[in-house]
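Visitor: I need the structure of the sequence given here:
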Amino acid sequence: MADPAENIIARPLLKRITNDPNGLHRVLIDVDPSEVTLAKAYERVRDLIEQARAEQARESVDRTEQHIFSNEADGRPSISARLQGKVIQRIVALDQEGPRPPGPLISSVRRDLDDGRRFNPDNMVRTVISIPMLQMIEADEDATQSVLIELNIDYWGGRPRAKERVRNLISTAITMTAIMEGSRDDQFISDWKTDTSEQYVYAKLSGTTIRRLVELDQEGQPEGRAIYHIWPDFKVRAQIWRSVATVKADACRRSFDTRGRGIVWAIFDSGIDGKHAHFIKQSNLTLPSGLAHIDFMRPKPVEVPADQLTDDYGHGTHVAGIIAGELTDDYKAISLARERDQDGKISYEAHPVDEPVMGMAPECKLLSYRCWTRMAKAMSAL
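Guide: Residues are numbered from 1 along each chain as shown. Next up is the predicted model:
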């Protein structure tokens, strides 16, 4: 029986994957939205990628450079992503094995040769609902969207009155949607985020409710509109950069003994592994009185004890290790060097590290604010 991957994964891409299953590939995953909405198709493929990466992580090291670059806001039936070859093969297999209906949703996987630098002059036309937000609503008007509502600074009562009016309008719009379409519990104002900002109101609203909100704000108000612009609360993703030597922290430490004593450094990232050996010697995660590690990826922010800190993505621990911490003398660290052969296959070679391993300011305290998930997703509001 023929492997379905041979018909779905483009031949040039499949050849590259066969040669090096661990290599990273920038791809377009074409989906068929004929049976489900585009938003549902995107959700299904994202779930498949998450499942395939979780399976891969159990077998070997999961490469954190894997990302999904596009979303429903693009309005195209294709998902741009950077994935390992073996993950690409696995998501195709999982999609073929999926329940019917709706049946397989991935129609093809091919290399993404577009760098995305395309200009659309229509994006310059003034609009209350931003173009990305409109595209997300048009893709699925019933889907709940994370929104960032920018207040009109010229509103007659200033931003405080504008914020009060927007809060009231959101409540009215949610009620109207419930009357017309039935009640739902996934629409609300994020009070704790909104209270931290003078300029924005943060909420989760359906496309229908967002449209009603704008209509209500525009209806016969002599004092003008309270809403200036509505954006998606965009998802952001992690980046990893070279560290201590690049910023000359090692030279500074040798010259001035700048080891970070008395400093607390907050890490807004995927969390910190509280049991990692790098943070034991200097007790970097034990905080001064009055400070607490916070997990923002739960329905409400939650304080987390130092010994219960987790990082299922790894990026936050990586960043924290650049900043602070120091391995004990009995810990034998290794470095991995990558080399590509004549066929393009990447191999790894381990080398022992003979010098001390420490962060830029090894003795400073680290405050973990977890605002990433394993798939490198977070809201720009954080």
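Visitor: what are the ranges of the strands in the stretch 201-350 of the chain?
Guide: 227-232, 264-269, 293-295, 302-304, 334-340, 346-352 (DSSP state E, counting those that start in this stretch).
Visitor: can you tell me which of these comes nearest to Ser171?
Guide: For these, the distance to Ser171 is smallest for strand 227-232, at 14.4 Å, taking CB to CB. Every residue, glycine included, has its C-beta placed from N, CA and C.
Visitor: Could you list every helix and strand in contact with the closest one?
Guide: helix 131-139, strand 144-151, helix 158-181, helix 207-218 (3 or more CB pairs under 8 Å, 6 or more residues apart in numbering; DSSP states H and E).
Visitor: rank those by mean pLDDT and give me the bottom one.
Guide: Lowest mean pLDDT of the helices and strands packed on strand 227-232: helix 131-139, a mean of 82.
Visitor: Flag every buried residue along that helix.
Guide: 131-137, 139 (16 or more other CB atoms under 10 Å).
Visitor: Also stretch 98-109?
Guide: Those would be 98, 104-109, for stretch 98-109 by 16+ other CB under 10 Å.
Visitor: now it: mean pLDDT?
Guide: Rounded mean pLDDT across stretch 98-109 is 81.
Visitor: Measure how far it is from the centre of its chain, please.
Guide: 25 Å (CA atoms, centre = their mean, to the nearest Å).
Visitor: Can you give me the end-to-end span of that stretch?
Guide: 17 Å (CA to CA, to the nearest Å).
Visitor: Mind listing residues that contact it?
Guide: Contacts to stretch 98-109, defined as CB atoms under 8 Å, 6 or more residues apart in numbering, come from residues 8-10, 13, 27-33, 35-36, 41, 44-45, 48, 88, 91-92, 95-96.
Visitor: go again using 10 Å as the cut-off
Guide: Contact with stretch 98-109 is made by 4-5, 7-10, 13-14, 17, 25, 27-36, 40-42, 44-45, 47-48, 77-79, 81, 83, 88-89, 91-92, 94-97, as judged by CB atoms under 10 Å, 6 or more residues apart in numbering.
Visitor: And these, which of them are buried?
Guide: Buried among those (16+ other CB under 10 Å): 5, 8-9, 13-14, 17, 25, 27-31, 33, 36, 40-42, 44-45, 48, 77-79, 81, 83, 88-89, 91-92, 94-95.
Visitor: hang on, the earlier thing: which one of the buried residues of stretch 98-109 is nearest Ile227?
Guide: Leu105 (36.0 Å).
Visitor: before we move on, back to that, ok, of the buried residues of stretch 98-109, which one's closest to Leu327?
Guide: Out of those, the member with the shortest distance to Leu327 (by CB to CB) is Val109, at 41.0 Å.
Visitor: Please tell me how far the closest one sits from Tyr200.
Guide: Val109 sits 38 Å away from Tyr200 when distances are taken as CB to CB, to the nearest Å.
Visitor: Likewise for Asp47?
Guide: 30 Å.
Visitor: next one: Gln218
Guide: For Gln218, the distance to Tyr200 - CB to CB - is 19 Å.
Visitor: try Arg46
Guide: Distance of Arg46 to Tyr200, given as CB to CB: 26 Å.
Visitor: Neighbour count for the two, which is higher?
Guide: Tyr200 (21 against 17; other CB atoms under 10 Å).
Visitor: who's that one bridged to?
Guide: Glu150 (DSSP bridges).
Visitor: quick one: buried residues of stretch 292-310?
Guide: 293-297, 301, 304, 306, 309-310.
Visitor: Distance from that stretch to the middle of the chain?
Guide: Computed by CA atoms, centre = their mean, the chain-centroid distance of stretch 292-310 equals 18 Å.
Visitor: Over to stretch 274-284?
Guide: 26 Å.
Visitor: For that stretch, give the mean pLDDT please.
Guide: Here the average pLDDT along stretch 274-284 is 94.
Visitor: wouldn't Lys332 be in contact with His351 here?
Guide: No: Lys332 is beyond contact range of His351, at 11.8 Å (criterion: CB atoms under 10 Å).
Visitor: Okay, helices next: where are they in the stretch 1-150 of the chain?
Guide: 4-8, 11-19, 38-59, 85-97, 131-139 (DSSP state H, counting those that start in this stretch).
Visitor: Among those, single out whichever gets nearest to Arg370.
Guide: helix 38-59 (18.0 Å).
Visitor: which other helices and strands contact the closest one?
Guide: Where contact means 3 or more CB pairs under 10 Å, 6 or more residues apart in numbering; DSSP states H and E, helix 38-59 is packed against strand 24-31, strand 67-68, strand 78-84, helix 85-97, strand 106-111, helix 131-139.
Visitor: and the angle for the fourth one with strand 78-84?
Guide: If you take axes from the mean of the first three to the mean of the last three CA atoms, to 10 degrees, helix 85-97 sits at 130 degrees to strand 78-84.
Visitor: Return the list of helices and strands in contact with helix 85-97.
Guide: So helix 85-97, by 3+ CB pairs under 10 Å, 6+ apart, packs with helix 4-8, helix 11-19, strand 24-31, helix 38-59, strand 78-84, strand 106-111.
Visitor: do the same with the third one
Guide: Identification of packing neighbours for strand 78-84 by 3+ CB pairs under 10 Å, 6+ apart yields strand 24-31, helix 38-59, strand 67-68, helix 85-97, strand 106-111.
Visitor: Now with 6 Å, please.
Guide: strand 24-31 (3 or more CB pairs under 6 Å, 6 or more residues apart in numbering; DSSP states H and E).
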